[in-house]
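# Need coordinates for the following:
(one chain, ligands or ions: 2)
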Amino acid sequence: MKMNYENDIKECIQCGSCTAHCDFLQKYGLYYSPENLAQLKKLAFHCFLCGECTRHCPKGIDGKKIMQEIRIEQADQNKGQPAVRGFEGMLAEKADYLYKNYRHAGKGSALFMGCNFPAYFPHTARKISALYKEVYDIGTIYECCGKPVMELGVKKAADHSVESIRKRLQERGVTELIMVCPNCYSYLKDRLDIRIVTIYEKIKELGAGKMLEAKGVRIFQPCPDRTGGEWLTQLQGFFRHQPKLIEDVQCCGLGGCAKAAEPDIAAGFAKKIQKQNEGPLYTYCASCAGNLSKNNCGHIRHVLPEILGFQEEEADIWNNGKNRKESKNW
Ligand code: SF4
Ligand code: SF4
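Ligands and ions are numbered 1, 2, ... in the order given. Okay, here's the model as predicted:
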């Protein structure tokens with residue numbers, strides 16, 4: 001059966017714009033055209049699924065979606081398992097998230113922590129959870145949204161994961177999710193039929209949070225927020241002096257599970273940031289903060305602890321696995 005993307009790539013005019021904006025496509029001299037399809041399929045797990053090619057294609061060819069569809073197709077042909085090895089542990093943990101914790105969630109609003117924010121910023125996660133419960137009677141959910149499972153191409157398990165989240169929310173009467181992670185937000189906002197807001201939107205709505213006074217701030221925008229920019233727009237209200245966006249780094253290196261296949265490209269993203277060591281560096285994604293720290297991008301902070309006035313400047317890259325496990329019992 002012909003897949004939709006086979007028709008989409010017929011529109012390619014070989015302008016090279018996608019290639020110019022992607023280290024992976026550059027390395028292999030590729031763009032999204034029919035003559036490159038066989039090679040793109042072979043290299044589907046070398047793509048970071050960052051969407052930079054999509055944003056720069058004048059013909060609207062969605063490279064990220066194509067690579068995601070190829071991965072799903074390959075898993076379907078591989079008895080529902082990812083087409084590459086090495087992700088068995090991740091799948092075992094996240095397909096039916098081992099460390100899910102709904103015990104603090106009740107009727108109404110709930111904070112949705114995702115899996116990486118509590119792993120890298122455990123003190124902030126616990127403090128904000130306690131604060132929101134005490135002051136606003138808002139509960140907390142520790143859960144993986146299922147995006148990493150979908151990125152491996154295992155659509156059936158990823159869909160099942162969303163279904164199980166929906167069921168749990170319904171059982172508890174949760175009517176609004178406050179997202180702490182932009183990945184969870186982008187993945188779940190069109191998959192669940194309840195109100196989904198960002199943590200920054202909620203902080204503003206509640207009249208909480210403090211202004212950040214630092215000057216010359218650089219900000220690393222996580223991939224899922226680069227098309228809509230909703231998180232960035234909401235965040236800018238918390239900066240006294242407008243931050244400067246880091247523009248020439250397509251991904252933190254964690255996206256699309258591609259760093260196993262392309263470790264040098266993944267590490268290169270952090271190096272590019274490290275070279276422009278010009279002012280305080282922030283991000284608003286725990287996965288980006290953790291991965292860029294691991295790859296020595298320089299001192300990178302998460303915006304959330306600072307806005308809330310909590311002292312947790314750096315991602316806990318040494319205990320992230322342990323923290324994630326422990327969040328099951330927080
Ligand atoms: S999604 Fe990102 S890594 Fe993949 S081809 Fe497009 S720009 Fe390159
Ligand atoms: S940007 Fe679009 S049209 Fe240009 S080479 Fe890439 S896929 Fe083809």
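# sec struct for the residue positioned nearest the centre of the chain, please.
Residue closest to the average C-alpha location in the chain (C-alpha atoms, centre = their mean): N183, at 3.2 Å. The assignment at N183 comes out as helix when based on DSSP: H, G, I helix; E, B strand; the rest coil.
# ok, it touching Y284?
No - with contact defined as C-beta atoms under 8 Å, N183 does not reach Y284; the gap is 11.0 Å. (C-beta placed from N, C-alpha, C; glycine too.)
# All the helices of the stretch 151-300 of the chain, residue numbers only.
155-172, 182-188, 199-205, 230-236, 263-275, 286-294 (DSSP state H, counting those that start in this stretch).
# Run through the stretch 1-150 of the chain and note the low-pLDDT ranges.
Within the stretch 1-150 of the chain, the stretches with pLDDT under 70 are 1-3.
# Spell out which residues of it are next to ligand 2.
Residues of the stretch 1-150 of the chain lying near ligand 2 by C-beta under 6 Å from any ligand atom: 12-18, 31-33, 56-59, 61.
# Please identify the residues of the stretch 51-200 of the chain in proximity to ligand 1?
Counting by C-beta under 6 Å from any ligand atom, the residues of the stretch 51-200 of the chain near ligand 1 are G51, E52, C53, G63, K64, M67.
# burial measure for the second one, as a count.
Read that as E52. Neighbours of E52 under the rule other C-beta atoms under 10 Å: 23.
# so where do the strands sit in the stretch 1-150 of the chain?
Using DSSP state E, counting those that start in this stretch, the strands of the stretch 1-150 of the chain run over 108-112, 139-141.
# Determine how far the first one lies from the middle of the whole chain.
The chain centroid and the centroid of strand 108-112 are separated by 19 Å under C-alpha atoms, centre = their mean, to the nearest Å.
# Take it, keep the C-alpha atoms, and write them as CSV.
C-alpha atoms of strand 108-112 as CSV (Å, rounded to 0.1, in the frame of the first residue of the first chain):
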residue,chain,number,x,y,z
GLY,A,108,-10.8,19.4,39.2
SER,A,109,-7.3,20.5,38.3
ALA,A,110,-4.1,18.4,38.5
LEU,A,111,-0.5,19.1,37.8
PHE,A,112,0.8,16.7,35.2
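# In its sheet, which strands sit next to it, and in what direction?
Next to strand 108-112 in the sheet, as set by DSSP bridges, lie strand 139-141 (parallel), strand 174-179 (parallel).
# ok, and for the shortest one, which residues are buried?
Same thing as strand 139-141. Buried residues in strand 139-141, counted by 16 or more other C-beta atoms under 10 Å: G139, T140, I141.
# so which of those residues comes closest to ligand 2?
Ligand 2 lies nearest to I141 out of the buried residues of strand 139-141, by C-beta to the nearest ligand atom, at 38.9 Å.
# Could you measure from the closest one over to V174?
Going from I141 to V174 by C-beta to C-beta, to the nearest Å gives 8 Å.
# Mutual contacts of these two, please.
A105, A110 (C-beta atoms under 8 Å, 6 or more residues apart in numbering).
# Who are the contact partners of the closest residue to ligand 1 within the stretch 101-250 of the chain?
Nearest to ligand 1 in the stretch 101-250 of the chain, going by C-beta to the nearest ligand atom, is Q250, at a distance of 5.6 Å. Contacts were defined as C-beta under 8 Å, 6+ apart; by that measure Q250 touches H21, C22, D23, F48, C50, E52, C223, F269.
# What's the local residue count around E176?
E176 has 15 neighbouring residues, counting by other C-beta under 10 Å.
# where does the stretch 151-300 of the chain dip in pLDDT?
Going by pLDDT under 70, which is the cut-off in play, the stretch 151-300 of the chain has no low-confidence ranges.
# Which single residue in it comes nearest to ligand 2?
Closest residue of the stretch 151-300 of the chain to ligand 2, C-beta to the nearest ligand atom: Q250 (13.9 Å).
# ok, that residue to M179 distance?
Using C-beta to C-beta, we find Q250 at a distance of 23 Å from M179.
# can I see the domain layout of the chain?
4-76, 94-206+318-324, 218-308 (automatic domain parsing).
# Looking at those, which is nearest to P82?
With respect to P82, and counting by C-beta to C-beta, the nearest of these is domain 94-206+318-324 at 4.2 Å.
# distance between the closest one and the chain's centre?
13 Å.
# Can you name the residues that contact K215?
H241, G279 are the contacts of K215 under C-beta under 8 Å, 6+ apart.
# Need phi/psi at it.
With angles defined as degrees, to the nearest 10, K215 sits at phi -100, psi 160.
# so what's the residue in the stretch 51-200 of the chain that ligand 2 sits nearest to up against?
When scored by C-beta to the nearest ligand atom, the stretch 51-200 of the chain has C57 as its residue closest to ligand 2, at 3.3 Å. C57 makes contact with S17, C18, Y32, G63, according to C-beta under 8 Å, 6+ apart.
# Wait, the third one touches I66, no?
Read it as Y32. Yes - look at Y32 against I66 with C-beta under 8 Å: they come within range, at 6.2 Å.
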